[in-house]
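Asks: Any chance you could fold what I've pasted below:
(2 chains)
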Amino acid sequence: MTIRKMLLASAAIACAAMPVSAFADTSAKKIALSNNYAGNSWRQAMLTSWEKVTGEAVKAGVVAAADPFTTAENQATEQAAQIQNMILQGYDAIVLNAASPTALNGAVKEACDAGITVVSFDGIVTEPCAWRIAVNFKEMGRSEVEYLAKKLPQGGNLLEIRGLAGVFVDDEISAGIHEGVKQFPQFKIVGSVHGDWAQDVAQKAVAGILPSLPDIVGVVTQGGDGYGAAQAIAATDRKMPTIIMGNREDELKWWKEQKDSTGYETMSVSIAPGVSTLAFWVAQQILDGKQVKKDLVVPFLRIDQDNLETNLANTQAGGVANVEYTQADAIKVIESAK
Amino acid sequence: MTPLFRLVSKPWIWSWLAAFVVWFLTIMVTLGASTLGLSQAALTFAAFSVIVGIGQMFVITLGPGNIDLSVPATMTLAGTVALKLMNVENGLILSGLLIALVIGLVVGLCNYALIKALRIPPIIATLSTSFIVQSAAIWTNRGLRIKPPSVLAEFTTSNTLGVPNVAIVALLISLLAWFLLEKTIYGRWISAIGQSMPAARMAGIPVDGTRFVTYLFCAVLASVAGYLLACFSGGAALNMGSEYLLMSIAVVVIGGTAVAGGDSNVPGIWGASLFMFLVVSMLNTYGVGAGIRLIMTGLIIISVIMLAGRRAGMR
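Replies: Coordinates of the predicted model:
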């Protein structure tokens, strides 16, 4: 009960400190973040963004509390129990990055029935009572091939690096890439490996398939795997193909090094981990009484040759290129969905 | 007994045979053009599985219930802390290795302290240590990726006479392990403990000391593998050890080491590690989808283990 008391106390202080506020409607509301995994740099950046943006929001009295919770084992059952605890603790809204799109539906429904607003993002849930902030992953995959078609109009062979097998996001991006190849038939995917969005896994998988591949002109990726692919290809005597990058700092740094030494050109598409802050603001807007459509789309983060330096400068060493969203951004996203 | 029969009855021959078949099928796709590239890649990536696999093999040899689940977390912590300490300075390479070794020793110590002092079964004890170690890695690292010192990066990614340097390191460690296992009293002790702990105790073998050293050895090898892997792949990542949990156990089992303990062999670890890398490469090369690939990997592993397991009946 002490946590609850502390939260009440902080809510009281927030109310006292902010007697006249434009956000009076939500200043007593408490929002929780239910997160299923913290073991990679993207998730670490996601949590850091959350702490930074919501910390300021709590200080400004926009909401009473915005507490992040992460499960230890990336298990849907564990996260369902976590959501049930949040219901008991009396949160007004739960912002959710789910371990599974369907396995948490029961717990999410319980939360909705208890009058709690549930906003899922990145790992979204299919339960109709929850809001979903999703990225158009298909378009993300398609745009990679479109970029290559512009850069290499004569086409050629491509190597595809996929994400974690069996995950919805992997299927979507890959479907987009294959759609792109249909649209630009001068390209042919000659090999496909799973890199699990991790640099070392991608390196291993690419090193294994590379000796058996013909010449490749491009590598289409899902982010987090570009640097590993580059490492594996650099270890052979092949010419470096155009590798589409993700948003990890090592990928951008490698790109910058190549750009400076050989004029290497590519681009990067990814999902900014700061999408957690967009979800926070959307939850706040819903609590504020705004009418919000259940399915919202967040734009993906694209870095090109000319804005590489600016993005790299904004990315902390070992971190992830990121965008943090403001309340105004959230209102814009909500308006555009109408 | 003919020499051929003696060879077939070796428990490790099946993993080597499987690795060879898969290797052959893969290079035939390009009619042999990929031979050198594939072999070098296989040796490089097998090296990491070999190093963690040997440690796990020593622990599994101790008998039923003995296993070390803290391998991936130890790799991650050793890799992240060592690279952070070295901070791209070539002069600090040895200090980096030293801190990695110390981390291995501390993790091994914690593991055995939990097992012995608190009487927790190894599977639970090492799993809980692994949570603590992984959290420590997240806490010290926060997703930070620091590049390895240039000399070390160069060493881990290049070849000597066509053989990857990491494979040479793994070979030296294997020789040491083979020597320990086959030629020293310590090797006899762990086999004896694995076959029957009460009998070993009555025979006057220092059971606790031997088990303690074995858990230390396993954790230290995991930290060495983490150190090398972080340098090889251009920086430590928080999830870099995750695939080595199942890998370390799989290479032990496929390599023909008895899961019930008491009987182990070093060559099998190499055959199994090469096989585990090559089978994924082969299925990728043939363009098999992920679902079928995982099913096939499982089926192939089961068949290799069944073939290797038959030898028990032949004796």
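Asks: only C-alpha atoms for contact and neighbour calcs from this point on.
Replies: OK.
Asks: Burial check on B:N159, number of neighbours?
Replies: Per other C-alpha atoms under 10 Å in any protein chain shown, the neighbour tally for B:N159 reads 16.
Asks: That one reaches B:N165, doesn't it?
Replies: Yes. Counting by C-alpha atoms under 8 Å, B:N159 touches B:N165, with 5.3 Å between them.
Asks: Need the overlap of contacts for the two.
Replies: Residues touching both B:N159 and B:N165 by C-alpha atoms under 8 Å, 6 or more residues apart in numbering or on different chains: none at all.
Asks: Next, the buried residues of stretch A:315-329.
Replies: In terms of neighbour count (16 or more other C-alpha atoms under 10 Å in any protein chain shown), stretch A:315-329 has its buried residues at A:T315, A:A317, A:G318, A:G319, A:V320, A:A321, A:N322, A:V323, A:E324, A:Y325, A:T326, A:Q327.
Asks: mean confidence for stretch A:318-337?
Replies: When pLDDT is averaged over stretch A:318-337, the result is 85.
Asks: Give me the residues contacting it.
Replies: The contact list for stretch A:318-337, computed with C-alpha under 8 Å, 6+ apart, reads A:41-42, A:45, A:49, A:53, A:247-250, A:272-275, A:277-278, A:281-282, A:285, A:292-293, A:295-298, A:311-312, A:314-315, B:143-146.
Asks: same question, stretch A:164-178
Replies: A:137-145, A:162-163, A:194-197, A:220, A:222, B:290-291.
Asks: Repeat the analysis, applying 7 Å as the threshold.
Replies: A:137-142, A:145, A:162-163, A:194-197, B:290 (C-alpha atoms under 7 Å, 6 or more residues apart in numbering or on different chains).
Asks: Please apply the same query to stretch B:35-51.
Replies: A:204, A:207-208, A:211, B:27, B:163-164, B:166-167, B:170, B:221, B:225, B:244, B:247-248, B:269-270, B:273-274, B:277-278.
Asks: now that stretch, how far from the chain's geometric center?
Replies: How far stretch B:35-51 lies from its chain's middle: 13 Å, per C-alpha atoms, centre = their mean, to the nearest Å.
Asks: For that stretch, which residues meet the burial criterion?
Replies: Those would be B:35, B:37-51, for stretch B:35-51 by 16+ other C-alpha under 10 Å.
Asks: Name only those of the contacts of stretch A:318-337 that count as buried.
Replies: Applying 16+ other C-alpha under 10 Å to the contacts of stretch A:318-337 flags A:41-42, A:45, A:49, A:53, A:247-250, A:272-275, A:277-278, A:281-282, A:285, A:292, A:296, A:298, A:311-312, A:315, B:143-146 as buried.
Asks: Let's see which of these end up in helices.
Replies: Here DSSP state H is the test, and the buried ones among the contacts of stretch A:318-337 give A:41-42, A:45, A:49, A:53, A:249-250, A:275, A:277-278, A:281-282, A:285, A:311-312 as lying in helices.
Asks: Distance-wise, check the residue in the stretch 201-315 of chain B positioned nearest to chain A relative to A:E251.
Replies: Relative to chain A, the nearest point of the stretch 201-315 of chain B is B:S281 (4.9 Å; C-alpha to the nearest C-alpha). For B:S281, the distance to A:E251 equals 24 Å [C-alpha to C-alpha, to the nearest Å].
Asks: can you check B:S233 too?
Replies: 13 Å.
Asks: And A:K338, by the same measure?
Replies: Taken as C-alpha to C-alpha, the span from A:K338 to A:E251 is 36 Å.
Asks: ok, the two, which is more surrounded?
Replies: Under the criterion of other C-alpha under 10 Å, the comparison of A:K338 against A:E251 puts A:E251 first, with 26 against 9.
Asks: If I look at the more buried one, what pLDDT would I see?
Replies: At A:E251, pLDDT is 87.
Asks: All the helices of chain A, residue numbers only.
Replies: Using DSSP H, helices in chain A cover A:2-17, A:41-59, A:76-89, A:105-113, A:137-151, A:168-183, A:199-209, A:226-234, A:249-262, A:275-287, A:308-314, A:327-336.
Asks: try the stretch 51-200 of chain B
Replies: Taking DSSP state H, counting those that start in this stretch as the test, the helices found in the stretch 51-200 of chain B are B:71-86, B:93-117, B:122-141, B:150-157, B:165-183, B:185-195, B:197-202.
Asks: Which among the contacts of stretch B:35-51 count as buried?
Replies: A:204, A:207-208, A:211, B:27, B:164, B:166-167, B:170, B:221, B:225, B:244, B:247-248, B:269-270, B:273-274, B:277-278.
Asks: I'd like to know which of the helices of chain A is closest to B:I138.
Replies: The closest of the helices of chain A to B:I138 is helix A:41-59. By C-alpha to C-alpha, the value is 8.9 Å.
Asks: The closest one - contacts with which helices or strands?
Replies: helix A:275-287 (3 or more C-alpha pairs under 7 Å, 6 or more residues apart in numbering or on different chains; DSSP states H and E).
Asks: which secondary structure elements does the helix it packs on contact?
Replies: helix A:41-59, strand A:93-97, strand A:117-121, helix A:327-336.
Asks: what is the orientation angle of the last one with helix A:41-59?
Replies: To tie it back to what came earlier, the one meant is helix A:327-336. Per axes from the mean of the first three to the mean of the last three C-alpha atoms, to 10 degrees, the angle that helix A:327-336 makes with helix A:41-59 is 100 degrees.
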